[in-house]
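Participant: I'd like to go over a predicted model; first the sequence, then the structure.
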Amino acid sequence: MHNFCIRGITYSEAFGWEHICSVPTDPQQPYVGFKSIWTEYGQLPIEVVRNHGATYIQTPTRVAQDSLQIYMCLFLLLIEAAQNRITVWAPDYTVNGIKLGPLFLRSSFVSHMRTRTQPRARFAAS
């Protein structure tokens with residue numbers, strides 16, 4: 001997951017996506033207190049990222065375009081097996097029928113943690 005995020009940071013800086021990769025921690029104060037999806041991805045509740053994305057995802061803005069570009073870029077960074085695994089969780093990173101880039105990263109992290117911990121749990125149970 002760390003290498004995936006490093007690549008994402010590199011792409012974000014190259015394509016100017018930093019603004020879309022910062023999520024406000026308090027929806028009541030959207031211009032105060034941000035967390036980066038790249039460096040604090042495990043600390044952001046999925047609903048906070050989803051609600052933030054819902055404010056722009058269906059707007060005719062550069063932010064909405066950037067979000068979709070992030071999703072496409074990140075998805076293509078994954079090997080085919082990982083793409084197949086994460087596609088199962090598509091409802092987790094889709095808002096109003098549109099794939100949300102920052103939410104995809106958050107969902108990828110959750111999927112990664114499920115994949116890592118499920119075999120251990122199965123082994124411990126047997």
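Facilitator: Happy to help now that I have it. Numbers count the residues shown, from 1 in each chain.

Participant: So the most centrally placed residue in the chain, which state does it fall into?
Facilitator: Residue closest to the average C-alpha location in the chain (C-alpha atoms, centre = their mean): L105, at 2.1 Å. Here L105 takes the helix state, with states given by DSSP: H, G, I helix; E, B strand; the rest coil.

Participant: ok, A81 to T87 distance?
Facilitator: 11 Å (C-beta to C-beta, to the nearest Å). C-beta: built from backbone N, CA, C; applies to glycine.

Participant: for R62, same thing?
Facilitator: 27 Å.

Participant: With A64 instead?
Facilitator: Distance from A64 to T87, by C-beta to C-beta: 22 Å.

Participant: Now the element after the strand or helix carrying L68, going C-ward?
Facilitator: In the assignment (DSSP states H and E), L68 maps to helix 62-77. Where DSSP H and E defines the elements, the next helix or strand beyond helix 62-77 is helix 80-87.

Participant: Now do the buried residues in that next one.
Facilitator: If you call a residue buried by 16 or more other C-beta atoms under 10 Å, then helix 80-87 has these buried ones: A82, R85, I86.

Participant: now the strands for this structure?
Facilitator: Along the chain, the segments classed as strands by DSSP state E run 22-24, 34-36, 94-95, 98-99.

Participant: Name every strand pairing with the third one and say which way it goes.
Facilitator: Strand pairing for strand 94-95, determined by DSSP bridges: strand 98-99 (antiparallel).

Participant: cool, and the second one?
Facilitator: According to DSSP bridges, strand 34-36 forms sheet pairs with strand 22-24 (antiparallel).

Participant: before we move on, the earlier item: in contact with the residue nearest to the centre of the chain, which residues?
Facilitator: With contact taken as C-beta atoms under 8 Å, 6 or more residues apart in numbering, L105 is in contact with C5, G8, I37, W38, Y41, I70, L74.

Participant: switch the cut-off to 7 Å
Facilitator: L105 makes contacts with G8, I37, Y41, L74, as judged by C-beta atoms under 7 Å, 6 or more residues apart in numbering.
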